[in-house]
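**Student:** Predicted model follows, preceded by the sequence.
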Amino acid sequence: METQEKTFVKYPKIPHLGESLDILNNPVRVYEKLDGGNAQIKKEGYRVFAGNRSHFLNDRRDKSLWFLEFNKWVQRNLSFMNLPEDFVLYGEWISLRSNLNFPYEQSTRNRFFFLDLFSVLDNTFVDYKDAVEIVSDWNIRGLDFLRCLKSGEISYEELTELCKKSDYRDGTAEGVVVKDYDKQKFAKLLTKHALNQPLDCRDVRRAITVLIERDEKPTLEKVVQELMDDFKGYPKDEVRRIVNDYSNIRTR
């Protein structure tokens, strides 16, 4: 376990587009943002490890949410033994337990949607298009690849339009992720921001889930802060009221 902890590479928190508008000054790739369990796969020696957003999974400790089913899926997929030790596969695991906000189609459940390939030696993310070819050459199976919604130069208005339809559910997407692999810079635009939608209890449940995945106790203050971090610009008093309302409903 000590070795695992030393080699865990956390997927970075993606900033909001409002904080990184200069990313639109260059050609980018745009992908749908999925609301699943942020996960990773890494090989060390003769073992393959599955991780969530904060640590490698352990059957004896991680028995809640989507952790157990994802870990079992990884261990049963022998093709992950082909993954070189100096690379990390990142993705979103979609399941009934990992998804709380956006009810994805049944056909997407218990599937791993590939987000990125990270080179530990170079400390860089491989361009998505190249990464798809690389993992295919490694004969790694069971990955679902995201459709590139747009490549090249794009405006904020075009990104807003892309938020209005999901490839994996009826209705809007959770948002979109803008990626500039040349500059190793990512940014996200959430649909609630793009369409000026109010927060609701689904957002509170998502914040609680994220805290649990990070091994943090979801206290009221931590949930409020997580929402404030994820939804820039919303009044803190309003966010606190929504969290309080959710807590009151849960304790009735």
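**Tutor:** That came through, no problem.
**Student:** pLDDT on stretch 133-152, on average?
**Tutor:** pLDDT averaged over stretch 133-152 equals 97, rounded to a whole number.
**Student:** From residue 233, how far off is the spatially most central residue of the chain?
**Tutor:** Among the residues of the chain, residue 38 comes closest to the average C-alpha position under CA atoms, centre = their mean, at 4.2 Å. Computed as CB to CB, to the nearest Å, the residue 38 to residue 233 distance reads 23 Å. For every residue, glycine as well, the C-beta is placed using N, CA and C.
**Student:** cool, and residue 144?
**Tutor:** In this view, residue 144 and residue 233 are 33 Å apart by CB to CB.
**Student:** So the two - more neighbours on which side?
**Tutor:** For residue 144 and residue 233, the more surrounded residue by other CB atoms under 10 Å is residue 144, and the numbers stand at 14 against 8.
**Student:** Can you classify that one by secondary structure?
**Tutor:** Taken by DSSP: H, G, I helix; E, B strand; the rest coil, the conformation at residue 144 corresponds to strand.
**Student:** List the beta-bridge partners for it.
**Tutor:** As for beta bridges, residue 144 partners with residue 113 under DSSP bridges.
**Student:** Contacts only, for it.
**Tutor:** Residue 144 is in contact with 111, 112, 113, 114, counting by CB atoms under 8 Å, 6 or more residues apart in numbering.
**Student:** likewise residue 30?
**Tutor:** With contacts taken as CB under 8 Å, 6+ apart, residue 30 has the following neighbours: 148, 149, 150, 151, 154, 159, 162, 176, 177, 178, 179.
**Student:** if you look at those, which of them are in strands?
**Tutor:** Among these, the members found in strands (DSSP state E) are 150, 151, 176, 177, 178, 179.
**Student:** Next, give phi and psi for the closest residue to the first one other than its chain neighbours.
**Tutor:** Spelled out, that is residue 150. Closest residue in space to residue 150, ignoring its immediate chain neighbours: residue 30 at 4.3 Å, by CB to CB, 6 or more residues apart in numbering. Main-chain dihedrals, residue 30, degrees, to the nearest 10: phi -120, psi 130.
**Student:** With the one 4 residues further on instead?
**Tutor:** Note on residue 34: backbone dihedrals following degrees, to the nearest 10 are phi -100, psi 150.
**Student:** Helices of this structure, start to end?
**Tutor:** Counting by DSSP state H, the segments of the chain that form helices are 2-7, 67-76, 128-137, 156-162, 191-194, 201-213, 220-230, 236-251.
**Student:** Need those in a markdown table (columns: distance to residue 15 and mean neighbour count).
**Tutor:** Shown next, in a markdown table, are these (distance: least, CB to CB, whole Å; neighbours: other CB atoms under 10 Å):
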| stretch | distance to residue 15 | mean neighbour count |
| --- | --- | --- |
| helix 2-7 | 25 | 10 |
| helix 67-76 | 26 | 18 |
| helix 128-137 | 19 | 15 |
| helix 156-162 | 15 | 15 |
| helix 191-194 | 13 | 20 |
| helix 201-213 | 16 | 20 |
| helix 220-230 | 10 | 17 |
| helix 236-251 | 19 | 14 |
